[in-house]
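Take a look and give me a structure for this.
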Amino acid sequence: MALSPSNGKTVLVTGINGFIGSTIGLLVLSKGYTLRGTTRRLESVRSLLEGPFKPYADRVAIFEIADMTAADAYKDAVSGVHGIFHVASPVAFDLCTWDQVVEPAVQGTLSLLESAHRHAGGQLRSVVVTSSGTTVVTPAEDAPPGYVFTENDQNTWAVPLAKSVPAEFPKSNIGPLMYSASKVAAEQAMWQFRQDRRPSFAISSVHPSVVLGPSLNLPRNPQDLNVSLKPIYDIYSGTESTYPPPIGTASFVDVRDVAAVHLWALQHPEVADGERYIASSGFAPTQGMVDVMREQFPPNSRTAPGEPGKGYVEGIDYCDRRVPVWYPKDRIQMCGTKAHKVMQIRWRTLAETIQDTVLAFQEFYGQKAGQSKGETDP
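Residues are numbered from 1 along each chain as shown. The predicted structure follows:
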């Protein structure tokens, strides 16, 4: 298949080696853009450069930025670009202090925006910042049963709690708390920058729920998969027979749809400027993922059945389709209606996402999960 010719425009993706960043990178390359990416370590991008990005080698440049919080850290990377996707942010639940998590997220965002404002040039039309669904939700126990969170909702609890964590606060929850606070504080800093500096380029934000889907940059050891993909691998491989609770609201979105929302926002600055967009496809409770997977891959007896059908109902999704796995009436959810209507995006269903994720695992780790790539069955 012939590659798309260059469209003459250059975009920057920070955190290009990450799950979302790499997917955005491949999407923009396929649309004819020249890609610049940033990473803390060049080695982390090698598999992308030698794999999915290789056909576009003449349109890819990678910048190593060890400290994204430093003044003018992005000066060279932003110079002359037409659009920026700011995806890079600390995501490590074992980091548990404000200085380790929140401060770098805020300063990294401000460093990128300031560099864009001062050094990018007048051709820059749009900056799209990857935020998180956690910036719009409140804890489940504080929300009315069945509440539907939209872009109008704000997380007002994470930052004050992270600034003064009570002694009795569960230690296992401190990492996720700091992550939530980092996303909230970084978004607040972004909107304050827009208000104070009045840049010539549009600024918008994308707020994904739990991101699933096929990764372009899988780790060699599946035990090192990120927090959203590891449960899917464990279910398929039979690594776990007792399934963990879902993450947050159990709302999910396919990483490819997250990339599509980012690109639309960048390409429509006159509409997207100042807007927040939730990226959320629907409901992905652990049991729902198990049931979908066992239906799609029936020969795989390693996947324990759990309690089929428990914890979800059939329903109508944000694209007005009847789907077999949906929120019970008392379950809170993140609403993907705005992006669907404004962008005409067709959210991928849970079945599509699970199938493509498992196929990616099979291709990379072996036809049977748990089997290393290159091994054969006895």
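
Can you pull out the low-pLDDT segments for this protein?
Within the chain, the segments meeting pLDDT under 70 span 1, 90-95, 140, 299-301, 367-378.

Helices of that one, residue ranges please.
Remark: helices assigned in the chain by DSSP state H are 19-30, 46-50, 75-78, 98-115, 158-163, 174-197, 230-237, 255-267, 269-272, 286-296, 337-343, 350-365.

buried set for stretch 317-336?
In terms of neighbour count (16 or more other Cβ atoms under 10 Å), stretch 317-336 has its buried residues at 317-319, 323-327, 331-336. Where you see a C-beta, it was placed from the backbone N, CA and C, and this is true even at glycine.

What of stretch 64-82?
Here stretch 64-82 shows 65, 68, 69, 73, 74, 75, 77, 78, 79, 81, 82 as buried, counting by 16+ other Cβ under 10 Å.

Just the ones of the residues you listed in strands?
Using DSSP state E, no member of the buried residues of stretch 64-82 sits in strands.

out of these, which one sits closest to residue 223?
Checking the buried residues of stretch 64-82 against residue 223 with Cβ to Cβ, the nearest one is residue 68 at 27.2 Å.

Contact partners for the closest residue in space to the closest one that isn't next to it in sequence?
Closest residue to residue 68 apart from its sequence neighbours, by Cβ to Cβ, 6 or more residues apart in numbering: residue 108 at 4.1 Å. The contact partners of residue 108, by Cβ atoms under 8 Å, 6 or more residues apart in numbering, come to 68, 69, 88, 89, 186.

returning to that earlier point: between the helices of the chain, which one is nearest to residue 210?
Closest among the helices of the chain, once you apply Cβ to Cβ, is helix 230-237, at 9.6 Å.

Can you dump the C-alpha atoms of the closest one in CSV for me?
Only the C-alpha atoms of helix 230-237 are listed here, as CSV (Å, rounded to 0.1, in the frame of the first residue of the first chain):
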residue,chain,number,x,y,z
LYS,A,230,-2.0,-5.7,32.1
PRO,A,231,-5.5,-6.9,33.3
ILE,A,232,-6.4,-7.9,29.7
TYR,A,233,-3.2,-9.9,29.3
ASP,A,234,-3.8,-11.6,32.7
ILE,A,235,-7.3,-12.5,31.8
TYR,A,236,-6.4,-14.0,28.4
SER,A,237,-3.2,-15.7,29.5
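
Start the count at 48 instead of 1 going forward.
Got it, the first residue is 48 from now on, which makes the last one we talked about helix 277-284.

Could you tell me which other helices and strands that helix packs against?
helix 333-343, helix 397-412 (3 or more Cβ pairs under 8 Å, 6 or more residues apart in numbering; DSSP states H and E).

how about the last one: buried residues?
What it means is helix 397-412. Buried, per 16+ other Cβ under 10 Å, within helix 397-412: 397-405, 407-409, 412.

again, but for the first one
Neighbour counts using 16+ other Cβ under 10 Å place 333, 334, 335, 336, 337, 338, 339, 340, 341 of helix 333-343 among the buried residues.

how far away is the second one from residue 292?
Using Cβ to Cβ, to the nearest Å, one gets 10 Å for the distance from residue 334 to residue 292.

Need the residues that contact stretch 343-353.
By Cβ under 8 Å, 6+ apart, stretch 343-353 touches 282-285, 288, 290, 333-334, 337-338, 340-341, 398, 401-402, 405, 415-417.

same thing but at 6 Å, please
Here stretch 343-353 makes contact (Cβ atoms under 6 Å, 6 or more residues apart in numbering) with 282, 283, 285, 288, 290, 334, 337, 340, 341, 402.

quick check, nearest of those residues to residue 268?
Out of the contacts of stretch 343-353, the member with the shortest distance to residue 268 (by Cβ to Cβ) is residue 283, at 15.8 Å.

Tell me if I'm right that the closest one and residue 407 touch.
No - contact criterion Cβ atoms under 6 Å: residue 283 and residue 407 do not qualify, at 11.0 Å.

Quick check: of the buried residues of stretch 364-383, which lies closest to residue 169?
The closest of these, once distances to residue 169 are taken by Cβ to Cβ, is residue 383, at 34.3 Å.

which ones are touching the closest one?
325, 327, 365, 394.

Mind doing that once more with 7 Å?
325, 326, 327, 328, 365, 394 (Cβ atoms under 7 Å, 6 or more residues apart in numbering).

ok, now how distant is the fifth one from residue 295?
Yep, that's residue 365 we're talking about. If you go by Cβ to Cβ, the gap between residue 365 and residue 295 works out to 18 Å.

What of the first one?
For residue 325, the distance to residue 295 under the criterion Cβ to Cβ works out to 13 Å.

Mind checking which of the two has more residues around it?
residue 325 (28 against 19; other Cβ atoms under 10 Å).
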